[in-house]
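[1] Would you be able to build a 3D model of this:
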Amino acid sequence: MTLGRFLAMWSFMAVAMTLNGIGRELLLRPLLPSWATALSSAVLGVLWIGLITRWGFRPLRTATTPPPPTTLAGYTIALVGLTVVFETVLGRFVDHKSWAEILEHYALWRGELWPIVLAWLGVTPWFWARRGAIR
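    Residues are numbered from 1 along each chain as shown. You can find the predicted model right below:
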């Protein structure tokens with residue numbers, strides 16, 4: 001997998017997830033209870049991530065030999081790291097959120113679903129590599 005393909009995949013995801021967040025705030029929040037808004041947005045995010053990484057990690061699915069675990073771990077670290085940095089920068093400098101508000105978004109124990117979405121993002125390289133291995 002080339003660096004260009006990886007960055008294109010992540011960029012598509014960043015745009016899709018940003019649009020997902022905008023849609024959540026403008027369309028879902030006025031119509032649904034808070035818990036349903038969060039759940040709907042998380043499910044849509046997981047679907048977007050699945051579709052985009054399916055395309056992005058196609059080389060993993062079609063490889064004749066699976067990539068080594070260190071390569072997959074590198075993809076995971078890069079995907080999650082870029083996403084957390086992007087979300088933090090967006091939250092601080094665009095939404096003008098405090099550090100406490102940004103950290104609150106990661107509070108799974110308080111019902112926040114974002115950590116589950118990030119976990120799915122993190123396992124996608126492994127998932128798609130495994131999907132190729134079982135054909």
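[2] Tell me the first helix or strand C-terminal of whichever strand or helix holds residue 81.
    Residue 81 is part of helix 69-89, with elements assigned from DSSP states H and E. Using DSSP H and E, the helix or strand that follows helix 69-89 in sequence is helix 99-104.
[3] ok so, going back, so for the helix holding residue 81, what's the average pLDDT?
    Helix 69-89 shows an average pLDDT of 96 in the prediction.
[4] Distance from the chain centre to it, please.
    Centroid separation between helix 69-89 and its chain, computed with CA atoms, centre = their mean, to the nearest Å, is 9 Å.
[5] Provide the contact partners of it at residue level.
    1, 6, 10, 13-14, 17, 57, 60, 102, 105, 118, 121-126, 129 (CB atoms under 8 Å, 6 or more residues apart in numbering). Quick note: C-beta positions are derived from backbone N, CA and C, even for glycine.
[6] Just these: which are in helices?
    In this view, the contacts of helix 69-89 that belong to helices under DSSP state H are 6, 10, 13-14, 17, 60, 102, 118, 121-126, 129.
[7] Of these, which is the nearest to residue 52?
    residue 13 (4.9 Å; CB to CB).
[8] wait, doesn't that closest one sit right on residue 47?
    No: if you go by CB atoms under 8 Å, residue 13 and residue 47 don't touch, sitting 11.7 Å apart.
[9] more neighbours, those two?
    Neighbour count, other CB atoms under 10 Å: between residue 13 and residue 47, residue 13 has more, with 24 against 13.
[10] Once you drop chain neighbours, what's closest to that one?
    residue 52 (4.9 Å; CB to CB, 6 or more residues apart in numbering).
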